[in-house]
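Trainee: turn this into a structure:
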Amino acid sequence: GGGRGDWSGRRRRDPLGTMVGIYVFRPSPLMLAAGGTRVALHVDNLSLRLLETKFVPSHLTSVHLDLPPSPDPYVVLPATYGSGLVGPFWLEVSANVELSLTRPA
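Mentor: The predicted model follows:
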C-alpha cells in the first residue's frame, strides 16, 4: 500500500529531498489557453507564485490562505524539496465560500 510507512522509509534515506511544502500560484495565460491541467514547476511559473511554505522534514504541512475570489484558477501544488519524487498525498481544502476543485488528469 501507499501509506505513510512507505514515505517514512524514503525520509530516512533522503531527509532533505523528502521535505514537503506547498506552492500556490496562478497558471500562466499560455497554460490556460492550452487547456493544460498538469503543471511543471518551472522558474516561469514561480514568477506567478503567490505563496511558498517552508519545506519541513515531515509528512505533514499546512497553510492558511485568504485569497480573493477570481474567475481564473489558483494552483495549489504540494511538492517535495527534491525533484522527481513521486508518492501518494492527501490535500485537504476548506473554504467559507463556494469552491470548485479540479484534479489534474
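Trainee: what about the most centrally placed residue in the chain, distance to Phe25?
Mentor: Closest residue to the average C-alpha location of the chain: Leu77 at 1.5 Å, with CA atoms, centre = their mean. As judged by CB to CB, to the nearest Å, Leu77 and Phe25 stand 7 Å apart. Where C-beta positions appear, they are placed from N, C-alpha and C, glycine not excepted.
Trainee: how about the residue nearest to the centre of the chain, secondary structure?
Mentor: strand (DSSP: H, G, I helix; E, B strand; the rest coil).
Trainee: what residues sit buried inside the longest helix belonging to the chain?
Mentor: In the chain, with assignment by DSSP state H, the single longest helix is helix 4-13. Buried positions in helix 4-13, judged by neighbour count with 16 or more other CB atoms under 10 Å: 7, 10-11.
Trainee: following the lowest-mean-pLDDT helix or strand in the chain, which helix or strand shows up next?
Mentor: Lowest by mean pLDDT, DSSP states H and E among the helices and strands of the chain is helix 43-46, with a mean of 60. Later in the chain than helix 43-46, the nearest helix or strand by DSSP states H and E is strand 49-52.
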